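**Student:** missing the sequence, but the structure's below:
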């Protein structure tokens, strides 16, 4: 049987008190890569929204309206996050205008996709697809200015 050196009990006691026992156990400093610039965050969120909107277009084109509605919802969430991240960008007013149009378009497309799924209405599905293409143009404009 091995005898403990007492280090384990010290570590357990330190963890129980939530006080680091040694400096090596202290929380590490935040990495430098975690501090992403605001411009890169803005651009990245718009690019992600653009990608999700393309997935919604693909799903709508394949008449998978429920899946397209889900992608529209995710796209709208990324657009809302991008609006906040881009509030101090160089062309913030132009970006905000494009993102507002894109957000309204995704809401409309989500509504039309849900209607197409529930009511088996192909005209609503086509309206959703048209809205998604409008959103694509708005997001492309926002990407240009971000």
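**Tutor:** In hand now; what should we look at? Here the structure is a predicted model, which means the values were calculated and not measured.

**Student:** correct me, but residue 48 touches residue 74?
**Tutor:** No - contact criterion CB atoms under 8 Å: residue 48 and residue 74 do not qualify, at 9.0 Å. The C-beta positions use only the backbone N, C-alpha and C, and glycine is treated the same way.

**Student:** average pLDDT across the helix ranked longest in the chain?
**Tutor:** Counting by DSSP state H, the longest helix found in the chain is helix 92-119. Taken as a whole, helix 92-119 has a mean pLDDT of 94.

**Student:** quick one: list the elements packing against that helix.
**Tutor:** Judged by 3 or more CB pairs under 8 Å, 6 or more residues apart in numbering; DSSP states H and E, helix 92-119 is in contact with helix 38-61, helix 65-85, helix 122-145.

**Student:** so, low pLDDT: which residues of the protein?
**Tutor:** Across the chain, the ranges flagged by pLDDT under 70 are 1-36.

**Student:** reformat the helices and strands packed on helix 92-119 as CSV; add distance to residue 93.
**Tutor:** Output for these, formatted as CSV (distance: least, CB to CB, whole Å):
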stretch, distance to residue 93
helix 38-61, 14
helix 65-85, 12
helix 122-145, 9
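
**Student:** for the most centrally placed residue in the chain, give its distance to residue 122.
**Tutor:** Residue closest to the average C-alpha location in the chain (CA atoms, centre = their mean): residue 78, at 3.8 Å. Using CB to CB, to the nearest Å, we find residue 78 at a distance of 28 Å from residue 122.

**Student:** now residue 83
**Tutor:** 33 Å.
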